[in-house]
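A.B. asks: One predicted model, sequence on top.
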Amino acid sequence: MKIVKTILVLGLVALVLLQFYRPEKNVAEYRDVASFEAETKPSAEIKAILESKCYDCHSNKTEYPWYAEVAPFSLLIADHVEEGNEHFNVSQWDSYNAKKRDHKLDELIEEVEEGHMPEDSYAWIHGGLTEAEKEALMAWARQARTNYGIN
């Protein structure tokens, strides 16, 4: 029983100390998605989906929830945002060549189709995509890919 108590106390101390570590946040001055949206031409419905389910992890500006200030959630969120931006960052759309833009949209379709996006940990709290939203998002991305004539 003494070992369990010691482990719990050490765990609590570690959790308190962890609160003093603040991971870097993804907080650009504004969410620069204009170039991406101008080229891919999402409808109002698709813009709403992108805004509510995608841009927090896939742009240069994340809208952080209150619990992003509390460790270990702050660490998990920072990791998800960093990884999301590594794979696809709509704020960097202008830096992608046509082949990479086509590939990113193809990956978007694949990730949504396979149910990997949004991630489960995000969907549990913020809600996932309905089947209708998935279909609309994939149809829009397929149409946007035609801009590149690579398919």
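C.D. replies: Right, received. Where do you want to start?
A.B. asks: Quick check: mean pLDDT of the helix or strand containing Gly11?
C.D. replies: Assigned by DSSP states H and E, Gly11 falls within helix 2-18. Per-residue pLDDT over helix 2-18 has a mean of 83.
A.B. asks: likewise stretch 54-62?
C.D. replies: Mean pLDDT, computed over stretch 54-62, is 91.
A.B. asks: contacts for that stretch?
C.D. replies: Residues outside stretch 54-62 that contact it (C-beta atoms under 8 Å, 6 or more residues apart in numbering): 25-33, 63, 80-81, 83-85, 87-92, 117-118, 122. Quick note: C-beta positions are derived from backbone N, CA and C, even for glycine.
A.B. asks: now do 6 Å
C.D. replies: Asn26, Ala28, Arg31, Val33, Glu63, His80, Val81, Gly84, Phe88, Val90, Ser91 (C-beta atoms under 6 Å, 6 or more residues apart in numbering).
A.B. asks: Can you get me the centre-to-centre distance for that stretch and its chain?
C.D. replies: In terms of C-alpha atoms, centre = their mean, to the nearest Å, the centre of stretch 54-62 is set 6 Å apart from its chain centre.
A.B. asks: rewinding a little: of the contacts of stretch 54-62, which pair is most distant in space?
C.D. replies: Spatially, the most separated pair among the contacts of stretch 54-62 is Val33 and His80, at 18.6 Å (C-beta to C-beta).
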